[in-house]
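J.: Pasting the sequence and the predicted coordinates here, then a few questions.
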Amino acid sequence: MGLFDVHAHLTHPHLIEDIDRVLERARAAGLSTIISNGLNPDDNAAVLALAEKSPLVRPALGLYPVDAVLEEMLAAGETYPGQRKAWPTRVAVDWVREHVSLAFAVGEIGLDGHWVPERFWPAQEAAFRELVQIAMDAGKAIIIHTRKRERRTLELLDELGATRVNWHCFTSRLNLAREIASRGHYLSIPANVRRSQTFTAMLGGLPRDRLLLETDSPYLGPDKEAHNEPANVKGTVEFAAELWGTSETQAANQLAQNFEALFGTAP
């Protein structure tokens, strides 16, 4: 079983312009699967097109928590630094519903309390509920993005009965991460782990059978001055082996087993 990246943005301008070499470097590093996560219908369509061209890429179709309410925010005079085309929430959610059969997973989806003002939270939660149900009805694993609303995200997932869940780039308290792991959910560790106390604590302190690899490319790389890419998960495996006192092969095998347990197929 090869290495993998459960959360990358291969359609980002910093990567897509050099995508052939990005994928070539990933293969050379031992990756056999990269899950490229979509943010909205436009990005989801680009993810599907890329996955059709490369067997290394698996498509995750999602609706970024800010995008889920972006049209309402802009109409109310709010701004967003990553501003892009604002899709009506109903249209964006229905797009995922109509295309979910083509998805390897549903993501990224979740709740965001950092960029999204509180008055938009009910609408954001409504969209999240629908997307979780779409994933569960289709038998797809869910990839979560949550910021400043981690506890509420877990409450909704519990309420809906979602169990096939990976939490990407979790930066809240370690005790809450342990609670999430106790639910049978997974947490993926970004490639900047060596320079992050939070992710180092998670990699060393959470159950090994609840951990996965991610990059969030082109963000969260081992070198904060360079664009991140999927090949960098190899460094995370090396660090896991150091923390766990195992060989790199043993660490890689454990992580690959975790991937298979969540997604139902080997990486």
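T.: Okay, I see it.
J.: Residues touching the longest helix anywhere in the chain, excluding its own?
T.: Secondary structure assigned by DSSP state H gives helix 121-138 as the longest helix of the chain. Contacts to helix 121-138, defined as CB atoms under 8 Å, 6 or more residues apart in numbering, come from residues 62-63, 65, 68-69, 72, 89, 92-93, 96-97, 100-101, 103, 105-106, 109-113, 116, 141-142, 149, 152-153, 156-157, 160-162, 164. C-beta here means a position set from N, CA and C on the backbone, and glycine is covered the same way.
J.: Helix, strand or coil: sort out Leu39 for me.
T.: Per DSSP: H, G, I helix; E, B strand; the rest coil, the local secondary structure of Leu39 is coil.
J.: could you show me where the helices are in the stretch 151-267 of the chain, in order?
T.: Along the stretch 151-267 of the chain, the segments classed as helices by DSSP state H, counting those that start in this stretch run 174-182, 197-205, 233-244, 248-263.
J.: can you put these in a markdown table and add mean pLDDT?
T.: Formatted as a markdown table, the helices of the stretch 151-267 of the chain follow (pLDDT from 0 to 100):
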| stretch | mean pLDDT |
| --- | --- |
| helix 174-182 | 98 |
| helix 197-205 | 97 |
| helix 233-244 | 98 |
| helix 248-263 | 98 |
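J.: Ile34: which of those is closest?
T.: Comparison of the helices of the stretch 151-267 of the chain against Ile34 by CB to CB identifies helix 233-244 as nearest, at 9.1 Å.
J.: Can you tell me which helices and strands the closest one packs against?
T.: Contacts defined by 3 or more CB pairs under 8 Å, 6 or more residues apart in numbering; DSSP states H and E place helix 233-244 against strand 3-8, helix 197-205, strand 211-213, helix 248-263.
J.: what angle separates the last one from helix 197-205?
T.: Just to be clear, that refers to helix 248-263. Angle of helix 248-263 versus helix 197-205, following axes from the mean of the first three to the mean of the last three CA atoms, to 10 degrees, is 100 degrees.
J.: ok, residues contacting helix 248-263?
T.: Identification of contacts with helix 248-263 by CB under 8 Å, 6+ apart yields 1-4, 6, 30, 33, 104-105, 141, 164, 166, 186, 208-213, 237-238, 240-241, 244, 246, 266-267.
J.: Selecting buried members of those in ChimeraX, what would you type?
T.: For the buried members of the contacts of helix 248-263, the matching ChimeraX selection, counting by 16 or more other CB atoms under 10 Å, is:
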select :2,3,4,6,33,104,105,141,164,166,186,208,210,211,212,213,237,240,241,267
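J.: can you pull the contacts of Leu48?
T.: 59, 61, 99, 102.
J.: cool, Val106 as well?
T.: With CB under 8 Å, 6+ apart, Val106 has these contacts: 60-62, 96, 100, 131-132, 134-135, 138, 140-143.
J.: give me that answer again for 10 Å
T.: 37-38, 60-63, 96, 100, 131-132, 134-136, 138, 140-144, 164 (CB atoms under 10 Å, 6 or more residues apart in numbering).
J.: Filter these down to just the buried residues.
T.: 37-38, 60-63, 96, 100, 131-132, 134-136, 140-144, 164.
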